[in-house]
Structure formats: C-alpha cells, structure tokens
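Asks: how would this look folded up:
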Amino acid sequence: MSTLLRQGKARRWRVLLAAVVSVVAALGVAAAPAAAALPLSRNYSLESFNFPGHFARHRNSLGELTTVSSQLDRDDATWLLVPGLAGAGVSLRSKNYPSFYLRHSGFRLQISQSDGSRLYREDATFYVRGGNASSGSGWISLESYNFPGRYIRHADYHLWLHPDDGSRLFAEDSTWAARPPLA
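Replies: Residues are numbered from 1 along each chain as shown. Take a look at the predicted model:
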C-alpha cells in the first residue's frame, strides 16, 4: 500500500474520531477512555464502596470520609459535576461553597477557590472511570488529570490522591457510587 493511501486512511480515522469526541461533548457527557458516563451539571454525593453509608465530603476545607447526619454534613457531601476546569474530564464544585472546587495539593484532597492558575485547573480535574473494585451498578473511580494512574481514595477517613498499587484494598478505597445528592 502506498504511503499516500496510508496517510489518507489515517487522516480519515482522525477526522472520524474528532467527530465522535465532538458529539460526546455536545451531549454533555463526561467521558474519557474507559469512562463511566455521568451527566454533567447535576449534583451527586459520592458513597464509599467499602464503607457503605460513608460519603466523600469536605470538612475544614479538607477532603474527608464520614457518615452524614446534619444538614451541614449533607451540604459538605454534595458536589456539582461540571466540565473539567483543565478542558477535559470533570471537576467537582462544592454545593455550599460554589466558588470552591475539590482539588489535590500535595496529594491531599481539599476544597479551595481558584487562583486562576493552570496548576489549580489541572489539580481540580479528574476522569470518571469504571470503578476499580467493581465497574457494575454505577460504581466509579476518579483518576487525576495531571497525575495519570493516581485516584481519589480514602485512607484513615481522609481523601488522598494515591497511585494504584494493584491491591484489593486500594481498589475498594478508590471506588465510589455517584448517588443522588444528599442536599
């Protein structure tokens, strides 16, 4: 096969792929390779796979895993899923502090207000993946945009961005159910 023919086929495939990506973006679906799709511009609460009844929330600006009982707990555990601030993936905006997003800093999850930097946008962007422990029944995992292979997980009831070490514990700690919002 001639070089020109191969280049023509490769170009057609790139055009087709760009068209598919464009349609997915137009539908407002948070998608990435091997992604679990979640509609954007909706509120969710993230329930732990291996600690049922415990939710990802912020407390004193830090990401934590807790049960919820008060209205403040419910507000802190509710996130608006928006298009990723880095231009891909998704970002999670705090319900009760709407100008604050969940981001990592020093691999610790926290909420903070944007400083307008590229680093902030990338730290606050994640890819929605099928759950590391179970991809069925709506389980998801959230992979870092700027640190591929690192996922939001809980350890000692704190939220961290950790690399996948291949263990069952990691898989379970980094798997979440996107539940209807608690607040």
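Asks: only C-alpha atoms from now on, for both contacts and neighbour counts.
Replies: Fine.
Asks: what about the helices in the protein?
Replies: 3-26, 71-76, 118-123, 168-173 (DSSP state H).
Asks: worst mean pLDDT among these?
Replies: When the helices of the chain are ranked by mean pLDDT, helix 3-26 comes last with a mean of 44.
Asks: end-to-end on stretch 172-183?
Replies: End-to-end span of stretch 172-183 (C-alpha to C-alpha, to the nearest Å): 25 Å.
Asks: in it, what counts as buried?
Replies: 172-178, 181-183 (16 or more other C-alpha atoms under 10 Å).
Asks: got JSON lines for those residues, with distance to A37 too?
Replies: Output for those, formatted as JSON lines (distance: C-alpha to C-alpha, whole Å):
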{"residue": "E172", "distance to A37": "20"}
{"residue": "D173", "distance to A37": "20"}
{"residue": "S174", "distance to A37": "17"}
{"residue": "T175", "distance to A37": "15"}
{"residue": "W176", "distance to A37": "14"}
{"residue": "A177", "distance to A37": "12"}
{"residue": "A178", "distance to A37": "11"}
{"residue": "P181", "distance to A37": "17"}
{"residue": "L182", "distance to A37": "20"}
{"residue": "A183", "distance to A37": "22"}
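Asks: S141: which of those residues is nearest?
Replies: T175 (4.9 Å; C-alpha to C-alpha).
Asks: any idea where the strands of the chain begin and end?
Replies: Under the criterion DSSP state E, the chain contains strands at 42-48, 55-59, 62-66, 79-83, 90-94, 100-105, 108-113, 126-130, 139-144, 150-155, 158-163, 176-179.
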